[in-house]
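A.B. asks: Fold the following.
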Amino acid sequence: MKHSYTIKGMTCNGCRTHVEQVLNKVEGVTSTTVDLESETVGIEMKRHINLDTFQKALPEKYTIKQKQETNVFTNSSIETNTSEPSKLKQLQPLFIILGYITIATVLLNYSKDSWSTAMLDFMGLFFIVFSFFKILDLKGFPASFSMYDPLAKVLPAYGWIYPFIETALGLMFLMRFEIDIALIATLVVLGITTIGVSKTLLDKKSIQCACLGTALKLPMTEATFIENAIMIVMAVLMLMM
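C.D. replies: Coordinates of the predicted model:
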C-alpha cells in the first residue's frame, strides 16, 4: 500500500534526501519519495504504519501530517493514494541527454574512420554533461550519492569531490591527455558506483539516482546500471586497443 503525506521543515535538497533516508529506515517501509517543492512524501509500506511512528523517526524540525483532500460529494476528508508515472516517463530526461551526447559524438566524428576517437569523445562528453548536473546542487548531491555509493557512505568527502573527478575525466578524454590513466580511473570510479547500484537493485530499494544530480529526479533502475556498464565496457575496450 502507498500513502501520501505532507511534510514541513525542508529547506533544501539535502533536507529532502535526509527525510528519505530516515523514513526508508522505518520498519515496514519499502520505498519513500519526497517532493521538496510540494512538500509531500509518498510512502510505500508492507502494512499500515501509524503517523506517530514516522514523526518520532524524523528530527524535530520536520512535521509530517496525513495528506487529505476534500470529497466534493461528501464534504469529508479522505486519505489519498499517489500514483507513480511509468519508469520510462521518469527516465525520459536521462534518455534525452544520452541521445544528445550520442548525436554530438556522431557529428564530431562522422568524417573520421576511427572508432576509438568517437568513443573517447562520447566518454568525455558523458562525464562533462553528467558532472554539470551534479555541480548544479553541490550541497544536496553528496547526501543522495551516499545512499548507494559504497565509498561515499564511508567517506563523505568523496561525494563532494566526485563531480569534479568526473569533470577532470571528461576533460582528459576530450583533450586526449593521459588517456590510460583516465580509463583506469573510469573503471575504478564507475566500478565502485556500479557495485552500489547493483546492491540497491537486488535489495529492491526505491531511491533516487544521483547520476544527474538532484536537479532531475530520476529513480534508481536497471537503466542506471546499464548506463554505468556501457562506460565500463568502453573503458575496457579502449585499454585493450
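
A.B. asks: From now on I want contacts and neighbour counts done on CA atoms only, so please keep to that.
C.D. replies: Noted.

A.B. asks: Isn't M147 up against K153?
C.D. replies: Yes - M147 is within contact range of K153, at 6.9 Å (criterion: C-alpha atoms under 8 Å).

A.B. asks: Between those two, tell me which one has more neighbours.
C.D. replies: More neighbours surround M147 than the other of M147 and K153, with 21 against 17 (other C-alpha atoms under 10 Å).

A.B. asks: list the helices and strands the one helix or strand G196 maps to packs on?
C.D. replies: Here G196 is covered by helix 179-202, with elements defined by DSSP states H and E. Counting contacts by 3 or more C-alpha pairs under 8 Å, 6 or more residues apart in numbering; DSSP states H and E, helix 179-202 packs against helix 150-154, helix 156-175, helix 222-240.

A.B. asks: any idea of the mean pLDDT for stretch 28-45?
C.D. replies: For stretch 28-45, mean pLDDT rounds to 83.

A.B. asks: which regions of this structure lie under the pLDDT threshold?
C.D. replies: 68-88, 90, 205-222 (pLDDT under 70).

A.B. asks: Break it down into its structural domains.
C.D. replies: Split into domains by automatic domain parsing, the chain comes to 2-79, 87-240.

A.B. asks: if you compare the helices and strands packed on helix 179-202, which one is most tucked away?
C.D. replies: Among the helices and strands packed on helix 179-202, ranked by average contacts under mean count of other C-alpha atoms under 10 Å, first place goes to helix 156-175 (a mean of 19).

A.B. asks: what does it contact?
C.D. replies: Contacts with helix 156-175, where a contact means C-alpha atoms under 8 Å, 6 or more residues apart in numbering, come from 120-121, 123-128, 130-132, 134-135, 138, 141-143, 145-146, 151-152, 178-179, 182, 185-186.

A.B. asks: Also stretch 30-38?
C.D. replies: Contacts with stretch 30-38, where a contact means C-alpha under 8 Å, 6+ apart, come from 10-13, 16-17, 19-20, 23-24, 40-46, 205-207.

A.B. asks: The helix or strand containing Q21: what's the following helix or strand?
C.D. replies: Element membership for Q21 (DSSP H and E) is helix 13-24. Using DSSP H and E, the helix or strand that follows helix 13-24 towards the C-terminus is strand 29-35.

A.B. asks: Centre of the chain to that following strand, how far?
C.D. replies: Strand 29-35 has its C-alpha centroid displaced from the chain centroid by 14 Å (C-alpha atoms, centre = their mean, to the nearest Å).

A.B. asks: before we move on, back to that, now the buried members of the contacts of helix 156-175.
C.D. replies: For those, a neighbour count by 16 or more other C-alpha atoms under 10 Å gives the buried set as 120-121, 123-128, 130-132, 134-135, 138, 141-143, 145-146, 151-152, 179, 182, 185-186.

A.B. asks: follow-up on the earlier one: so what secondary structure elements neighbour the helix holding Q21?
C.D. replies: Contact partners of helix 13-24 among helices and strands, from 3+ C-alpha pairs under 8 Å, 6+ apart: strand 29-35, helix 51-57, helix 141-145.

A.B. asks: Out of the ones you listed, indicate the one that is most buried.
C.D. replies: Mean neighbour count (mean count of other C-alpha under 10 Å) peaks for helix 141-145 among these, with a mean of 26.

A.B. asks: Could you give the backbone dihedrals for the closest residue to V19 other than its chain neighbours?
C.D. replies: Distances taken as C-alpha to C-alpha, 6 or more residues apart in numbering place L58 nearest to V19, at 7.1 Å, with adjacent residues excluded. Dihedral angles phi and psi of L58 (degrees, to the nearest 10) take the values phi -80, psi 150.

A.B. asks: I'd like to know how far L58 sits from I135.
C.D. replies: L58 sits 28 Å away from I135, taking C-alpha to C-alpha, to the nearest Å as the criterion.

A.B. asks: next one: M231
C.D. replies: 20 Å.
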